[in-house]
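> Kindly return the folded structure for what I paste below:
(one chain, ligands or ions: 1)
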Amino acid sequence: MCRGDAAETALVLETERLVLHPFRPEDAPAIFAYAADPEVARYTGWAPHRSLDDTGAFLRRVAERHRDEGLPSWAIWHRGDGVLIGQCEFLRRSSRDGWAEIGYALSRARWGRGYTAEALRAVVTFGFSRLGLNRVQGTCQATNRASARVMEKAGMTLEGTLRESWFADGAYRDRLLYAVLRREWPG
Ligand SMILES: CC(C)(COP(=O)(O)OP(=O)(O)OC[C@H]1O[C@@H](n2cnc3c(N)ncnc32)[C@H](O)[C@@H]1OP(=O)(O)O)[C@@H](O)C(=O)NCCC(=O)NCCS
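Okay, the predicted model is just below:
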């Protein structure tokens with residue numbers, strides 16, 4: 001799991017139960033296994049993957065974002081099982097204003113065990129210490145209580161509601177905005 005060049009190795013993040021590793025082409029089948037699940041895709045900005053071609057396109061977008069904007073994405077590996085169980089990423093940034101936005105998704109079979117909050121804490125620490133950010137933010141649909149809770153558990157603060165800022169399932173939906181500042185971060 002820890003193959004790769006020095007640049008890739010420098011991006012590996014370790015937590016108590018997880019290893020976060022930059023995505024690799026050979027991860028595609030494991031990503032597809034959860035990204036094809038409509039319940040996993042439901043609150044994200046992407047449609048469920050229909051085939052490995054969709055997963056390949058996802059991996060290309062992730063690589064381009066890293067190359068063009070310096071924003072890494074990670075596969076979340078379960079240490080004990082040696083299985084890829086999800087993803088956590090920086091989606092966009094403002095270099096001028098010193099912020100970046102996070103996103104995440106986890107295989108449904110692994111929900112509810114605190115893995116995403118654990119991964120997110122490592123990614124936020126990376127954002128402050130390695131990307132030099134002043135602010136890390138995230139949004140979720142107001143009805144996505146699990147995602148809101150993930151951001152709370154990771155130490156982010158609810159800043160407000162972005163009213164009807166998300167069109168999904170035929171209607172405009174409210175989103176919650178969470179953020180944490182570098183001066184508030186213990187790591
Ligand atoms: C959101 C998601 C990543 C959470 O992953 P996870 O590893 O299960 O999250 P955690 O276990 O770290 O934390 C989930 C928390 O939400 C809580 N929760 C879960 N469902 C809930 C619900 N319906 N209402 C209230 N709280 C809920 C859990 O109890 C837990 O809190 P606790 O530890 O205080 O008990 C996962 O559900 C997922 O992949 N969802 C689909 C993709 C998605 O929504 N991505 C985010 C887009 S903004």
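> gap between Thr15 and the ligand?
12 Å (CB to the nearest ligand atom, to the nearest Å). C-beta coordinates here come from the backbone N, C-alpha and C atoms, glycine included.
> same check, this time on Leu13
As judged by CB to the nearest ligand atom, Leu13 and the ligand stand 16 Å apart.
> Test my guess that that residue contacts Phe126.
Yes: using CB atoms under 8 Å, Leu13 makes contact with Phe126 at a distance of 6.1 Å.
> got the buried residues for stretch 25-39?
Asp27, Ala28, Ala30, Ile31, Phe32, Ala33, Tyr34, Ala35, Ala36, Asp37 (16 or more other CB atoms under 10 Å).
> Wait, Ala168 touches Gln141, no?
Yes: Ala168 is within contact range of Gln141, at 6.9 Å (criterion: CB under 8 Å).
> out of the two, which sits in the busier spot?
Using other CB atoms under 10 Å as the criterion, Ala168 and Gln141 rank with Gln141 on top: 19 against 13.
> which residues does Cys88 contact?
Leu20, Ser73, Trp74, Ile76, Ile102, Gly103, Tyr104, Thr116, Ala119, Leu120, Val123 (CB atoms under 8 Å, 6 or more residues apart in numbering).
> So which of those residues would count as near the ligand as well?
Among these, the ones lying near the ligand by CB under 6 Å from any ligand atom are Tyr104, Thr116.
> So which of the contacts of Cys88 are in strands?
Among the contacts of Cys88, DSSP state E puts Leu20, Ser73, Trp74, Ile76, Ile102, Gly103, Tyr104 in strands.
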